[in-house]
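> Sequence below, structure please.
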Amino acid sequence: MAELQRCAHALLRQGVLCDPGRLWRALCVAWCAWCLAPLALALGCEGERHIHLTRPVEVSAQDLAEFRAMTPLRVLSVDAPPMARYDGDRDIYAGVGIDVWCFIAGRLGLRYEVVPGRDLTVAQKILQVQEGQADVFMPLSLQSERAQRGLFTQPFYESYYAVIARKGWRQPVRGLADLAQYRVGVVRGVSLEPLLKEVVPAHQLVSFDQKGSEGLFLALRDGSIDLAVFNKSIFAEKRYEHEYFDLEDILTLYGSPRGYRFYFSPSPQHERVVAAFDRYLAAMDIAESVAAHEYGERQFLERYVAQRGQRIFLQVASVAAVVVALVLYLALRRYRKLVRLLEGSNRQIRQQQQALQAANQELERQSHTDGLTGLANRRELDQALRREHARQQRTGAPLSLLMVDVDHFKCVNDHYGHAMGDDYLRAIARVLRTTVARPTDLVARYGGEEFVCLLPDTAAADAFTVAERIRQAVADLALPNVLAAVPHLTLSIGIATTAGTDAKAQQLLAQADAQLYAAKHAGRDRVHAVVL
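Okay, the predicted model is just below:
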């Protein structure tokens, strides 16, 4: 009601009260603003109770009146726990930074609204503040370039960057200088990026212009990059939230501490707001808020307590089991013969189970292996092609496929017999295994006298070199084929390579087959290739 009284006095001074129509419209607007203001201030502000002041903070009545009269601030945030975490179920942000913001904004009488921006990157949100399209961004670390185009408050949360690697990483990383020899990923626009550019060669530093950090960690997990540089505290929270348990923090960069702040668009009015914020930040205790929003450590402790309770339960259960076993032994000792017979039956059952398991494993192996050559079969090839094609579409790395066919193989079977033809196929399979030897490559028997070589991360020129090596190695075997135009065994090979295209997996296979047909049509004993 006091707010409405102040509005009425202001309207009286402006002469609005002289016009009943204008007065009615103005009072309606003021009433709506007064009703909706508590809702805006309560948005994600349940945690402001975790903030405490170590001493009183004084703000002049003139400043408070000016702050209350300001239009609502347009606030942008980012998902960076524990400072700010997006709650999708409630469509709000919560965290240490949100608690601090709500606490100070409530005491200064500032109105604000959270601007929708989940589809924007961090760099785009910062640019909106710098250009005045938004008023505030949180959280952000200080950079001289940013300070020239906006206004920073004092820090409310301090953290460090860390080097993140896949679990089991064994290479030594003792400081920033050691990163120069690896492929390093970083989120574009973070304050440490300029320093990384000085250390890591440009072709090895990968910047991720993402709305979040998921792309960075996905690239680290699939091997597109070797290491990632990321905020240590945020990674600790995201590791539990997204189950990044195959990643670990291997080095904390204590030489590059970061204080996270509120970032305002530049204006004289915002300068006074920043000065008021700094007075509160200098007298603020946020320890309770940090403890409330660092979920990762709490989850670890809860899990530890649960595991400890489980261990106690197992110990009690074990003791009970020993007592029961002793009672049973004393009660059933007269039936030892029956027990021995039962043990013999159990042993036989275990042996049968082991034999069945071994048979199942052998059947599983055979289901993926060609019985004649020992290479992968058509089923295994189809699965590998789908897997590698999906990875190529995700990473853009080149993927090559070789279709290999034995020239005039019918002449071999007709003249030397099918047994000799099988020996020829096994000899070719040995050449393929020797020539295509990378762990990531796959050699499969496609059917009859046709073979397929799947070469991930292999450009067209490299694939052509491998194909020529295969063709020459088989020719060097000098396996006789007297009924053919060339009296020894030769190969024709078709190659298809895709890189950065939307070509389907079956298109890659079909194009390799078409190139094989072209090689046959051109006279055999040659390699034809195409790049999709």
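> Can you tell me the element the residue nearest to the spatial centre of the chain falls in?
Nearest to the mean C-alpha position of the chain, by C-alpha atoms, centre = their mean, lies Leu218 at 2.8 Å. Per DSSP states H and E: Leu218 is located in helix 214-221.
> Look up the pLDDT of the residue nearest to the centre of the chain for me, please.
On the pLDDT scale, Leu218 is placed at 93.
> do Ile92 as well
85.
> For burial, what's the neighbour tally of it?
17 (other C-beta atoms under 10 Å). Where you see a C-beta, it was placed from the backbone N, CA and C, and this is true even at glycine.
> Identify each buried residue in the longest strand anywhere in the chain, please.
Using DSSP state E to define each element, the chain has its longest strand at strand 247-264. By neighbour count on 16 or more other C-beta atoms under 10 Å, the buried set for strand 247-264 is 247-248, 250-251, 253, 258, 260-264.
> Check stretch 221-235 too.
In stretch 221-235, counting by 16+ other C-beta under 10 Å, buried: 224-235.
> Narrow those to those in helices?
232-235 (DSSP state H).
> would you turn these into a markdown table with distance to Glu193?
A markdown table is the format used below for those (distance: C-beta to C-beta, whole Å):
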| residue | distance to Glu193 |
| --- | --- |
| Lys232 | 16 |
| Ser233 | 18 |
| Ile234 | 16 |
| Phe235 | 16 |
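> Which parts of the stretch 351-500 of the chain are helices?
378-395, 409-416, 418-435, 460-477 (DSSP state H, counting those that start in this stretch).
> Can you name every helix or strand that the shortest one contacts?
Same thing as helix 409-416. Here helix 409-416 touches helix 418-435, going by 3 or more C-beta pairs under 8 Å, 6 or more residues apart in numbering; DSSP states H and E.
> Show me what the helix it packs on is packed up against.
strand 399-406, helix 409-416, strand 442-447, strand 450-456, helix 460-477.
> quick one, it and helix 460-477 angle?
Relative orientation of helix 418-435 versus helix 460-477 (axes from the mean of the first three to the mean of the last three C-alpha atoms, to 10 degrees): 140 degrees.
> For helix 418-435, which residues meet the burial criterion?
Buried residues in helix 418-435 (16+ other C-beta under 10 Å): 421, 424-425, 428-429, 431-432, 435.
> hmm, who's touching that helix?
372-375, 404, 406, 409, 412-413, 443, 445, 449, 451, 453, 466, 469-470, 473-474, 477, 479, 489, 491 (C-beta atoms under 8 Å, 6 or more residues apart in numbering).
> low-scoring stretches of the stretch 151-300 of the chain, by residue?
Applying pLDDT under 70 to the stretch 151-300 of the chain flags residues 210-212, 295-300.
> typed the wrong thing, it's the stretch 351-500 of the chain
For the stretch 351-500 of the chain, residues meeting the criterion pLDDT under 70 lie at 359, 361-366.
> Which residue ranges make up the domains of this protein?
77-100+117-267+285-293, 315-367, 378-531 (automatic domain parsing).
> Output the ones you listed in a markdown table, with distance to Val305 appended to each entry.
Shown next, in a markdown table, are those (distance: least, C-beta to C-beta, whole Å):
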| stretch | distance to Val305 |
| --- | --- |
| domain 77-100+117-267+285-293 | 16 |
| domain 315-367 | 16 |
| domain 378-531 | 40 |
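> closest one to His52 among those?
domain 77-100+117-267+285-293 (4.6 Å; C-beta to C-beta).
> Run the chain-centre distance for the closest one.
For domain 77-100+117-267+285-293, the separation from the chain centroid amounts to 14 Å (computed by C-alpha atoms, centre = their mean, to the nearest Å).
> How about stretch 316-335?
52 Å.
> so for that stretch, what's the average pLDDT?
Averaged over stretch 316-335, pLDDT sits at 84.
> Buried residues, it. List them.
The neighbour-count check on stretch 316-335 (16+ other C-beta under 10 Å) flags nothing as buried.
> One more: stretch 264-284?
So, applying 16+ other C-beta under 10 Å, buried residues of stretch 264-284: 264-265, 270, 272-274, 276-277, 280-281, 284.
> can you tell me which two in those are farthest apart?
Maximum distance among those (C-beta to C-beta): 23.2 Å, for Ser265 and Met284.
> Just the buried ones from the contacts of helix 418-435?
373, 375, 404, 406, 409, 412, 443, 445, 449, 451, 453, 466, 470, 473-474, 479, 489, 491.
> what's the angle from the helix or strand where His528 lies to strand 399-406?
His528 is part of strand 527-531, with elements assigned from DSSP H and E. Interaxial angle, strand 527-531 versus strand 399-406 (the same axes, to 10 degrees): 160 degrees.
> any idea how far Gly494 lies from Val527?
As defined by C-beta to C-beta, to the nearest Å, Gly494 lies at a distance of 8 Å from Val527.
> Overlap in contacts, those two.
What both Gly494 and Val527 touch, as defined by C-beta under 8 Å, 6+ apart, is the set Ala519.
> on that earlier part again, from the buried residues of stretch 221-235, which is closest to Gln315?
Phe235 (35.9 Å).
> Pretty sure that closest one sits against Asp249.
Yes. With contact defined as C-beta atoms under 8 Å, Phe235 reaches Asp249; the gap is 6.4 Å.
> intersection of neighbour lists for these two?
Counting by C-beta under 8 Å, 6+ apart, the residues touching both Phe235 and Asp249 are 162, 164.
> Which positions are bridged to the residue lying closest to Cys453 once chain neighbours are set aside in the beta structure?
Excluding its sequence neighbours, the residue lying closest to Cys453 (C-beta to C-beta, 6 or more residues apart in numbering) is Leu402, at 3.9 Å. The partner list for Leu402 in beta bridges (DSSP bridges) reads Cys453, Ile495.
> Run a quick neighbour tally on Leu402.
Leu402 has 29 nearby residues by other C-beta under 10 Å.
> Name all residues that make contact with it.
Counted by C-beta under 8 Å, 6+ apart, Leu402 has contacts 452-453, 455, 463, 466-467, 470, 493-495, 512.
> mind running it again at 10 Å?
432, 436, 441, 443, 451-455, 458, 463-464, 466-467, 470, 493-497, 512, 515-516, 527, 529 (C-beta atoms under 10 Å, 6 or more residues apart in numbering).
> Over to Met70?
108-112, 135, 269-270, 272-273.
> Likewise for Gln506?
382, 385-386, 389.
> Show me what Val136 bridges to in the sheet.
Val75, Phe264.
> Look at Val316 and tell me its secondary structure.
The three-state assignment at Val316 reads helix, by DSSP: H, G, I helix; E, B strand; the rest coil.
> From Val327, how far off is it?
17 Å.
> what about the residue lying closest to Gly447 once chain neighbours are set aside, how many residues close to it?
Distances taken as C-beta to C-beta, 6+ apart put Arg378 closest to Gly447, at 6.5 Å, once the chain neighbours are dropped. Counted with other C-beta under 10 Å, the neighbours of Arg378 add up to 15.
> For the closest residue to Glu58 other than its chain neighbours, give me phi and psi.
Spatial nearest neighbour of Glu58, excluding adjacent residues (C-beta to C-beta, 6+ apart): Arg279 at 7.7 Å. In terms of degrees, to the nearest 10, the main-chain angles of Arg279 are phi -60, psi -40.
> what's near enough to touch Arg279?
Arg279 neighbours (C-beta under 10 Å, 6+ apart): 57-59, 104, 154.
> Which two of those have the greatest separation?
Farthest apart among the contacts of Arg279 - using C-beta to C-beta - are Glu58 and Gln154, which lie 16.8 Å from each other.
> re the thing from before, how about a markdown table for the helices of the stretch 351-500 of the chain, with distance to Val199 added?
Converted to a markdown table, the helices of the stretch 351-500 of the chain look like this (distance: least, C-beta to C-beta, whole Å):
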| stretch | distance to Val199 |
| --- | --- |
| helix 378-395 | 24 |
| helix 409-416 | 57 |
| helix 418-435 | 39 |
| helix 460-477 | 30 |
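> Tell me which of those helices lies nearest to Leu64.
helix 378-395 (53.7 Å).
> hey, C-alpha coordinates of that closest one in CSV?
This file holds the C-alpha atoms of helix 378-395, laid out as CSV (Å, rounded to 0.1, in the frame of the first residue of the first chain):
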residue,chain,number,x,y,z
ARG,A,378,28.6,-59.8,-43.2
ARG,A,379,26.7,-59.3,-40.0
GLU,A,380,29.7,-57.9,-38.1
LEU,A,381,30.4,-55.6,-41.1
ASP,A,382,26.9,-54.2,-41.1
GLN,A,383,27.1,-53.4,-37.4
ALA,A,384,30.6,-51.8,-37.7
LEU,A,385,29.5,-49.7,-40.8
ARG,A,386,26.5,-48.3,-38.9
ARG,A,387,28.7,-47.5,-35.9
GLU,A,388,31.5,-45.8,-37.8
HIS,A,389,29.1,-44.0,-40.1
ALA,A,390,27.3,-42.5,-37.1
ARG,A,391,30.7,-41.4,-35.6
GLN,A,392,31.7,-39.9,-39.0
GLN,A,393,28.5,-37.9,-39.1
ARG,A,394,29.1,-36.7,-35.6
THR,A,395,32.8,-35.8,-35.9
